[in-house]
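Engineer: make a model of this:
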Amino acid sequence: MPGKILSLFSLVGCMLAADRVDVARSLRERTGHSLSEASKKPPLPPGVSLDRKLSPGDCVAIALWNNAQLEADLAALNVADADLTDARRIRDPILQMVFPAGPKRFELLFVQPIELLWQRPRRIRAATLNMDQLAQSLVQNGLNLARDVKVAYADLLLAEQRTGISAASAELRRRIVELSRRRLAAGDINSADVKLLEIDAETASVQAAVFQAGRKTAEERLRMLMGLRGSILPLSLEPPPLPSSKAEATIEMAFESRPDLKAAQLSIEAARLRAGLERWRPLTLSPGISVKGSGRDPIRTGPSLFADVPATNRNAGGKQRADAEVLRAEANLAALRDRVEADLRMARALLEEAATNLERLRNDLLPAIRASVELAEKSFRLGDISRLNVLEVTRQLYDVELRESEAVAAYHRALAEIERSVGRNL
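Structural biologist: Numbers count the residues shown, from 1 in each chain. Predicted structure coming up:
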C-alpha cells in the first residue's frame, strides 16, 4: 500500500500544465502566426519586413511577436507555475526543543503534518487547472489582439483611400468653382449658384484635411498594436482580396473552438476542486515523536499526535465562499455562452449588410456612374455639353467610390469579428 501511494503521488506530481509553448502552438493553429521566444528575439518575426507592403497576416504576425500588453499577460504564466510548484510541495516537519533548566527536563518534539497526503493530489490538480485556464485565456487575448490588428488595418486602409479620393474630389470641386466663376462673369449663372459651389468646394477641402489627419491617427494605432516602438518607416499596406464566398461560421463552431469558453469550463472544475479542499481543511493531523529525558533519568521516546478539533469554526466561511465560487463560475460560463452567441450573430449581420452594400455599389451604382462619366466625356468631345457638366458627373463618381471604400472596410471589420467569435481564421 505505501508503494502504491508513493507511485500515485509521483504520477500526480508529474502532471503537466500548459505553458508559453502551448499558448504559442494554439495561436499558430488558430491564426497561422506564433509568439516570439521568451528570451532574445529579432524585432520582426521571420519572413516579415517593413520594406515591402504588409498584408493583414503580416501585421498580425508582428503584433503577436511584439505587443507589450500581450507579453505582460503572458508573464502571469510564471505566477501560475509558481503556484503549481507550491502545490506539489509537502509541508516541512516541525521541530521543538526545550532545554533542561533546574528541575525541567529536556524535551524534543518532532512533528510531521500528514493531512496533505490526501489533499496534495487535489491541490496539484486545482493548480494545474488554474494554469490551463490561464493559458486558454491568454490564447483568447491573442485572438482579441489579432482581431484588433485586422480592424486597425482596415481602418488605416480606409483612411488612405479616403485621403486619396477626398483630395481628388476637392481638386475637382475647385475646378468646378473656377469654371462657374467664368460663367458668372459671362452672365450665364447668378452669384447665388456660385456661392453654393464655393461652399461645397470648401467643405470638400476641409473633409480632405480631416481624412489626412485621420490617416495619421489610424497608422499610429496600428503601430501601437504591432509594438513598433521607435520605427519611423511609413507603413505600406497591401489591400487584401475579398473572400469569394461568405464566411461560414456557426454557433456550434464558436462553442467548440472559443478558448475563453474552455477557460470558463476549466474554471468550474477548479472551483469544485477547491470547494472539496475546503471541506477537508478543518481536519489536520500531525503525528510525531516525543523525546524526554534528563541527566539522572533515561531518555524516553514515544509517539504523539496533534490535531485541530473542528468544534466551533469548522471552516464554515471557507466552505461557503468556495461554494459561492462554484456558482459564480457556472454563471460566468452561461453568461459567456450567451455573449459569444450574440457577438457572432451581430458580426454575421454586419458582414451580410456590408456584403450587400458592396454588391449593390459594385454591380449597380458604380457601373452606372462610370457609364455616365464616359457618356459625358463623349458628349463634351462632340461639343454637346460643357466641361462643367463633365466635372459635375465626375463629382458623383468620387462620392460613390468613397462609399465603396467604406463598405469594403466594414466587410473586413465584420470578418475579423467573426473570426474572433469562432476562435480561428476562416
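Engineer: now do the helices in the stretch 301-426 of the chain.
Structural biologist: 316-360, 366-381, 387-422 (DSSP state H, counting those that start in this stretch).
Engineer: what secondary structure does residue 286 sit in?
Structural biologist: Look at residue 286: counting by DSSP: H, G, I helix; E, B strand; the rest coil, its state is strand.
Engineer: thought it was touching residue 109?
Structural biologist: No. Counting by CB atoms under 8 Å, residue 286 sits too far from residue 109 to count as a contact (10.1 Å). (Each C-beta comes from the backbone N, C-alpha and C, glycine too.)
Engineer: got any residues that touch both of those two?
Structural biologist: residue 94 (CB atoms under 8 Å, 6 or more residues apart in numbering).
Engineer: how about the contacts made by residue 300?
Structural biologist: When the contact criterion is CB under 8 Å, 6+ apart, the partners of residue 300 are 291-293.
Engineer: buried ones among those?
Structural biologist: Buried by 16 or more other CB atoms under 10 Å: 291-292, out of those.
Engineer: among the contacts of residue 300, which are located in helices?
Structural biologist: Assignment to helices by DSSP state H places none of those there.
Engineer: of all the contacts of residue 300, which comes closest to residue 319?
Structural biologist: residue 291 (37.9 Å; CB to CB).
Engineer: Three-state assignment for the residue lying closest to that closest one once chain neighbours are set aside, please.
Structural biologist: Excluding the flanking residues, the one nearest residue 291 by CB to CB, 6 or more residues apart in numbering is residue 108, at 4.0 Å. Here residue 108 is recorded as strand under three-state DSSP.
Engineer: residues contacting residue 108?
Structural biologist: Residue 108 neighbours (CB under 8 Å, 6+ apart): 95-98, 290-292.
Engineer: go on, residue 57?
Structural biologist: Contacts of residue 57 (CB under 8 Å, 6+ apart): 32-33.
Engineer: where does it fall, phi/psi-wise?
Structural biologist: For residue 57, the backbone dihedrals (degrees, to the nearest 10) come out as phi -60, psi -40.
Engineer: burial check on the nearest residue to residue 379 once chain neighbours are set aside, number of neighbours?
Structural biologist: Sequence neighbours aside, residue 385 is the residue nearest to residue 379 in space, at 4.7 Å (criterion: CB to CB, 6+ apart). By other CB atoms under 10 Å, the residues close to residue 385 number 17.
Engineer: I'd say residue 385 and residue 375 touch.
Structural biologist: No. Counting by CB under 8 Å, residue 385 stays clear of residue 375, with 9.7 Å between them.
Engineer: and residue 314, how far from residue 308?
Structural biologist: 10 Å (CB to CB, to the nearest Å).
Engineer: what residues do the two have in common as contacts?
Structural biologist: Jointly contacting residue 314 and residue 308 under the rule CB under 8 Å, 6+ apart are residue 282.
Engineer: could you find the closest non-adjacent residue to the residue nearest the centre of the chain?
Structural biologist: In the chain, the residue lying closest to the centroid (CA atoms, centre = their mean) is residue 144, at 2.2 Å. Counting by CB to CB, 6+ apart, residue 144 lies nearest to residue 420, which is 6.4 Å off, once chain neighbours are set aside.
Engineer: for that neighbour, which residues are in contact?
Structural biologist: By CB under 8 Å, 6+ apart, the neighbours of residue 420 are 143-144, 146-147.
Engineer: same thing with residue 377?
Structural biologist: Residues counted as contacts of residue 377 (CB under 8 Å, 6+ apart) are residue 390.
Engineer: how much space separates it from residue 383?
Structural biologist: As for residue 377, its distance to residue 383 is 12 Å (criterion: CB to CB).
Engineer: picking up where we left off before, residue 221: which of the helices of the stretch 301-426 of the chain is closest?
Structural biologist: Proximity to residue 221, assessed across those by CB to CB, is greatest for helix 387-422 (13.6 Å).
Engineer: buried residues in that closest one, which are they?
Structural biologist: By neighbour count on 16+ other CB under 10 Å, the buried set for helix 387-422 is 388, 390-395, 397-398, 400-422.
Engineer: show me where pLDDT drops low in this protein?
Structural biologist: For the chain, residues meeting the criterion pLDDT under 70 lie at 1-16, 38-40, 102, 115-116, 243-247, 294-297.
Engineer: tally up the residues packed near the nearest residue to residue 388 once chain neighbours are set aside, please.
Structural biologist: In space, and not counting its chain neighbours, residue 388 is closest to residue 179: 4.6 Å by CB to CB, 6+ apart. Around residue 179 there are 16 other residues, counting by other CB under 10 Å.
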